[in-house]
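*Asks:* Need coordinates for the following:
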Amino acid sequence: MSNMRRTIIIAIIVFLSAIGGVMAGRLIVNPPVPPENELHALLHNGLDLDANQHAKLEALEKQFAIRKQALELEMRADNAKLAAAIENEHGYGTEVAAAIDQSHMAMGQLQKETLEHIFAMRALLRPDQVAKFDAAVVKALTADQK
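*Replies:* Numbers count the residues shown, from 1 in each chain. Modelled structure (predicted):
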């Protein structure tokens, strides 16, 4: 019984140590900020927007959020159709190929509308703000995704 008790105590100590290590690691190492969040932060904090620009930016973001959500729901529905096609055909057949093509249409539309949104935001900026914004967009598009 004492061996069992010792094993349980050691297991608890190891578990608590692991939890402590994870917590310490999260406090010490900040995860990298995704480039798209850097772009958002730059827009709201790094470009010294005036009140009119802020108001127009908020309106653009609300409008785009609705459209983005609709396209993401469409992509989820397309993924469900793809899953059903895979389940039905058990291979790469015409139904699967059609479902893939359909899902690519929604993905492409989201990408197009995202770029339209970026250019709409850019149009709100003064000439002294554009260079920083453009650099952040290029960074967001070329950053390594990990």
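
*Asks:* Show me what the longest helix along the chain is packed against.
*Replies:* Identified as the longest helix of the chain according to DSSP state H is helix 51-89. Contact here means 3 or more CB pairs under 8 Å, 6 or more residues apart in numbering; DSSP states H and E; on that basis helix 51-89 packs against helix 94-123. Backbone N, C-alpha and C define where each C-beta goes, glycine included.

*Asks:* Please report how far residue 83 lies from residue 74.
*Replies:* Applying CB to CB, to the nearest Å, the value for residue 83 to residue 74 is 15 Å.

*Asks:* coming back round to it: I'd like the average pLDDT over the longest helix of the chain.
*Replies:* If you average the pLDDT over helix 51-89, you get 89.

*Asks:* That helix versus helix 94-123: what angle between them?
*Replies:* Helix 51-89 runs at 170 degrees relative to helix 94-123, counting by axes from the mean of the first three to the mean of the last three CA atoms, to 10 degrees.

*Asks:* which parts of helix 51-89 are buried?
*Replies:* Within helix 51-89, the residues that qualify as buried are 53, 56-57, 60-61, 64, 71, 74-75, 78, 81-82, 85-86, counting by 16 or more other CB atoms under 10 Å.

*Asks:* Among the residues you listed, find me the one that's closest to residue 93.
*Replies:* Nearest to residue 93 out of the buried residues of helix 51-89 is residue 85 (CB to CB; 7.7 Å).
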